[in-house]
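Novice: Just the structure for this:
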Amino acid sequence: SNYVMCSGIHYAEFHLTECSCIGVVRPLNLSPDRFANGAFHFHVRNFFGDFLAARTDTWGRGNVHSCDYNLKDGLMSWTNWDDLAETFLEWEGVEGCLS
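Specialist: Numbers count the residues shown, from 1 in each chain. As a prediction, the model looks like this:
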């Protein structure tokens with residue numbers, strides 16, 4: 001889909017499996033074919049330069065560009081696609097959502 005969520009309340013449904021993650025990422029204008037190698041992830045350092053080059057004014061001043069939540073164990077990861085990244089963080093209230 002090319003729909004960009006700008007504001008308001010949004011809902012989505014997901015089919016969850018044991019190896020699922022749910023995440024959000026800044027809006028990017030990139031060719032999906034370039035990253036369709038089957039092993040793509042927004043936290044792979046090799047792609048950070050490409051992602052930052054696609055930056056737009058709509059990003060504002062925030063420094064978290066991608067984050068995700070692991071459904072199995074509840075850990076989270078985030079990155080600024082530059083020099084900061086935190087992976088598999090435990091946080092207060094951490095728990096997975098698979099039963």
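
Novice: how far away is residue 43 from residue 87?
Specialist: 7 Å (CB to CB, to the nearest Å). All C-beta atoms are positioned from the backbone trio N, CA, C, and that covers glycine.

Novice: neighbour-wise, which of these two wins?
Specialist: residue 43 (18 against 11; other CB atoms under 10 Å).

Novice: Wait, that one touches residue 80, no?
Specialist: No. Residue 43 is beyond contact range of residue 80, at 11.0 Å (criterion: CB atoms under 8 Å).

Novice: picking up where we left off before, tell me, what's touching residue 43 and residue 87 both at once?
Specialist: Residues touching both residue 43 and residue 87 (CB atoms under 8 Å, 6 or more residues apart in numbering) are residue 77.

Novice: low-confidence ranges in the protein?
Specialist: 1-7, 38-39, 98-99 (pLDDT under 70).

Novice: 90 instead?
Specialist: Within the chain, the stretches with pLDDT under 90 are 1-48, 50, 54-79, 82-99.

Novice: which residue sits closest to residue 58, ignoring its sequence neighbours?
Specialist: Once flanking residues are discounted, residue 58 sits nearest to residue 27: 6.4 Å by CB to CB, 6 or more residues apart in numbering.
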